[in-house]
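Asker: The following comprises the amino acid sequence and a computationally predicted model.
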Amino acid sequence: MIFTEFRFFLFFAVIFALYWALQSNHWRKVWILACSYLFYGAWDWRFLSLIVASTLVDYLVGLKLGVSVGESPSASPASESAAASWGRRQWLMLSLGVNLGTLAFFKYANFFADSAVGFFGWLGLPVNSVTLSIVLPVGISFYTFQTLSYSIDVYKGNLQPQKSLLDFATFVTFFPQLVAGPIVRASDFLPQLETSRRFKQVNMRACLVLFMVGFFKKACVSDNLAPIVDQYFTAPETYTVLSSWIGVLSYTTQIYCDFSGYTDMAIACAGFLGYELCVNFNFPYFSTSITDFWRRWHISLSTWLKDYLYIPLGGNRGSQWFMYRNLMLTMVLGGLWHGAAWTFVLWGALHGGALIVQKEWSKWVARPAPRSDLVARSGQKSGQKSGRSLTHLWAIPITFYWVCITWIFFRADSFATAITVIRAFVGGRSLGTQQLNTGILSILAVLALLHWLTAQQVWTKALAQLPAQLFAVGYGFAAAILLTLMPIGYSAFIYFQF
């Protein structure tokens, strides 16, 4: 069930009406949980067992971790006995083993098997390939990371174990963000379940606008660009250099509008029910560096990787090369999280390499120059100011260009396809003669302008001042226009495959 489908509107209308009709917070949560299971089961009811199993395992692990430290407010992992510490680690290992083991089997079994066959073949040891007919459960990467963060936080003593199975199951399966994020932290969401939501606290106008923005991104932009992107990446060698720019920029726009559009609609749906989800995008294509990009793109994942992978690996403690190793491992594993293919691994490695280069560049720029006298110091300050201005001027397009290059490996189905696109997009070399519609560049330019105006909060200020009647009429008119811009049929969100 996709947020842009008519049946989802009916589904959510029923949820919304009965949810606010119920007075008991307990029965509201029961209703949300039942609807969440129905929502997930609509994809494939067989995989409900996986999410139920993950819920029960981590709920039990949380309880056991709480018991092992005495469930005392003053108790902490640092003050426990060696035996209790060993027991707690065993329970944490159970959570890690079940969740990561399930993820590895369903998402990476064929990838590891094919990679092993290729490796042994390279060594001259032919091995028969075994391919399992495994269907990837939708959203498994998201709810796996979500439940893992709960177990790890309880283990570290950063979070008290949740005693209510209903609350914990609702946290894991909350349908707006279940299948494609944002990755919600238990510490942020579980407290919201403790008290009954009030309808008067819901900012309906903000939720309506946010849902429409997400709908526009997904249904009107991403879904219309998808055929163009597919057409180019299916046979990039047959297209001109200009077409490579059209194809790559179209995909760069498509994946952002697709994923951020889902997030916008997910946050809006949660908001309609009185719940708050974390912001997942903050205009990432206006980033001034790769570090800035990862502070703006898929924020819930980047912070998860930092808190639960980069820092446990050692973070920036130790030597410079130790820090760079941790950074590269984090980005490579982050790339692998997105998909079971070496192109995703390289995508992560390219971002990791760019982060390292940026850090080295920042240190070089900040290095003080020799000062011989007052005049030299004055000239240096003037030069530094102009240098910073020039650097800032080019920072956004340079960062954006690099992100576009990395998206090529993210989208290509093989290294050969990616290299062909790179030769045209970066090297300006292509023997192809076919040409994509150049008018798409004008559309992309208009979308970029609209995106920039949104970043300046032009629409937010204007919409907040509209009278209710005028807002309602305008909203209906805008909805009618969006329906005319939609392509026939529905397309699944790109991140459903992750």
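Answerer: Done, it's in.

Asker: Against Tyr308, how distant is Leu301?
Answerer: For Leu301, the distance to Tyr308 equals 11 Å [C-beta to C-beta, to the nearest Å]. Quick note: C-beta positions are derived from backbone N, CA and C, even for glycine.

Asker: higher neighbour count, the two?
Answerer: Using other C-beta atoms under 10 Å as the criterion, Leu301 and Tyr308 rank with Leu301 on top: 21 against 16.

Asker: Near the closest residue to Ala349 other than its chain neighbours, how many other residues are there?
Answerer: Spatial nearest neighbour of Ala349, chain neighbours left out: Val332 (5.3 Å); criterion: C-beta to C-beta, 6 or more residues apart in numbering. Around Val332 sit 19 other residues, with neighbours defined as other C-beta under 10 Å.

Asker: swap in Trp45?
Answerer: If you count neighbours by other C-beta under 10 Å, Trp45 ends up with 11.

Asker: Check Gly318 too.
Answerer: Neighbourhood size, Gly318 [other C-beta under 10 Å]: 11.

Asker: go on, Ile494?
Answerer: Ile494 is flanked by 20 other residues according to other C-beta under 10 Å.

Asker: what sits against the nearest residue in space to it that is not next to it in sequence?
Answerer: Nearest non-adjacent residue to Ile494, counting by C-beta to C-beta, 6+ apart: Asp258, 4.7 Å away. The contact partners of Asp258, by C-beta atoms under 8 Å, 6 or more residues apart in numbering, come to 217-218, 222, 493-495.

Asker: Same question for Phe47.
Answerer: Counting by C-beta under 8 Å, 6+ apart, Phe47 has contacts 40, 137-138, 140.

Asker: now those in TSV, with distance to Ala416?
Answerer: Shown next, in TSV, are those (distance: C-beta to C-beta, whole Å):
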residue	distance to Ala416
Tyr40	37
Pro137	30
Val138	29
Ile140	29
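
Asker: between those, which is closest to Leu436?
Answerer: Nearest to Leu436, judged by C-beta to C-beta, of the contacts of Phe47 is Val138 at 31.2 Å.

Asker: and that closest one, how many neighbours?
Answerer: Residues within reach of Val138, counting by other C-beta under 10 Å, total 22.

Asker: Tell me who's in contact with it.
Answerer: Counted by C-beta under 8 Å, 6+ apart, Val138 has contacts 40, 43-44, 47, 179, 496.

Asker: any idea how far it lies from Leu178?
Answerer: Counting by C-beta to C-beta, the gap from Val138 to Leu178 is 9 Å.

Asker: Find the residues that touch each one of these two.
Answerer: Tyr40.

Asker: Name the nearest residue to the spatially most central residue of the chain, ignoring sequence neighbours.
Answerer: By C-alpha atoms, centre = their mean, the mean C-alpha position of the chain lies nearest to His298, the distance being 3.6 Å. In this structure, His298 finds its nearest non-sequential neighbour in Asn280, 6.2 Å apart by C-beta to C-beta, 6+ apart.

Asker: give me phi/psi at that neighbour?
Answerer: The phi and psi torsions at Asn280 (degrees, to the nearest 10) take the values phi -110, psi -20.

Asker: what pLDDT does Phe28 get?
Answerer: That one is not Phe; residue 28 is Arg. pLDDT recorded at Arg28 is 95.

Asker: burial count for it?
Answerer: Number of residues near Arg28 (other C-beta under 10 Å) recorded here: 21.

Asker: before we move on, back to that, now for the contacts of Asp258, which pair is the farthest apart?
Answerer: The most widely separated members of the contacts of Asp258, counting by C-beta to C-beta, are Lys217 and Tyr495 (13.1 Å).

Asker: neighbour count winner among those two?
Answerer: Counted by other C-beta under 10 Å, Lys217 and Tyr495 do not tie: Lys217 has more neighbours, with 25 against 20.

Asker: quick revisit: tell me which of the contacts of Phe47 is nearest to Ala472?
Answerer: Closest approach between the contacts of Phe47 and Ala472, by C-beta to C-beta: Tyr40, at 33.3 Å.

Asker: rewinding a little: quickly find the element holding the residue nearest to Ala349.
Answerer: Using DSSP states H and E, Val332 sits in helix 320-338.

Asker: my read: Lys218 touches Ala266, true?
Answerer: No. The criterion here is C-beta atoms under 8 Å, and Lys218 misses it with Ala266 at 11.1 Å.

Asker: what sits in contact with each of the two?
Answerer: Common neighbours of Lys218 and Ala266 are listed as Phe3 (criterion: C-beta under 8 Å, 6+ apart).

Asker: ok, then the element right after the worst-scoring helix or strand of the chain on mean pLDDT?
Answerer: Every helix and strand of the chain was ranked by mean pLDDT, DSSP states H and E. The lowest is helix 109-122, at a mean of 60. Using DSSP H and E, the next helix or strand after helix 109-122 towards the C-terminus is helix 140-156.

Asker: Give me the distance from the helix or strand just after that next one to the chain's centre.
Answerer: Remark: after helix 140-156, the chain's next helix or strand is helix 165-173, criterion DSSP H and E. Offset of helix 165-173 from its chain centre (C-alpha atoms, centre = their mean, to the nearest Å): 21 Å.

Asker: So which elements touch helix 165-173?
Answerer: Contacts defined by 3 or more C-beta pairs under 8 Å, 6 or more residues apart in numbering; DSSP states H and E place helix 165-173 against helix 25-41, helix 48-68, helix 140-156, helix 186-194.

Asker: Which neighbouring elements make contact with the last one?
Answerer: I take that to be helix 186-194. On a contact count with 3+ C-beta pairs under 8 Å, 6+ apart, helix 186-194 meets helix 140-156, helix 165-173.

Asker: Using neighbour counts, pick out the buried residues of the longest one.
Answerer: To tie it back to what came earlier, the one meant is helix 140-156. For helix 140-156, burial by neighbour count (16 or more other C-beta atoms under 10 Å) applies to 140-155.

Asker: C-alpha coordinates for it, PDB please?
Answerer: Output of helix 140-156 as PDB, limited to C-alpha atoms (Å, rounded to 0.1, in the frame of the first residue of the first chain):
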ATOM      1  CA  ILE A 140      13.300  -5.000   7.000                       C
ATOM      2  CA  SER A 141      16.400  -2.800   7.100                       C
ATOM      3  CA  PHE A 142      14.500   0.000   8.800                       C
ATOM      4  CA  TYR A 143      12.700  -1.800  11.600                       C
ATOM      5  CA  THR A 144      15.800  -4.000  12.200                       C
ATOM      6  CA  PHE A 145      17.900  -0.900  13.000                       C
ATOM      7  CA  GLN A 146      15.000   0.600  15.000                       C
ATOM      8  CA  THR A 147      14.700  -2.400  17.300                       C
ATOM      9  CA  LEU A 148      18.500  -2.800  17.600                       C
ATOM     10  CA  SER A 149      18.900   0.800  18.800                       C
ATOM     11  CA  TYR A 150      16.400   0.100  21.500                       C
ATOM     12  CA  SER A 151      18.300  -3.000  22.800                       C
ATOM     13  CA  ILE A 152      21.700  -1.200  22.600                       C
ATOM     14  CA  ASP A 153      20.300   1.900  24.400                       C
ATOM     15  CA  VAL A 154      18.900  -0.300  27.200                       C
ATOM     16  CA  TYR A 155      22.200  -2.200  27.400                       C
ATOM     17  CA  LYS A 156      24.100   1.000  27.800                       C
END
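
Asker: one step back: closest to Phe410 among the buried residues of helix 140-156?
Answerer: Looking across these and measuring by C-beta to C-beta, the closest to Phe410 is Ser141, at 15.1 Å.
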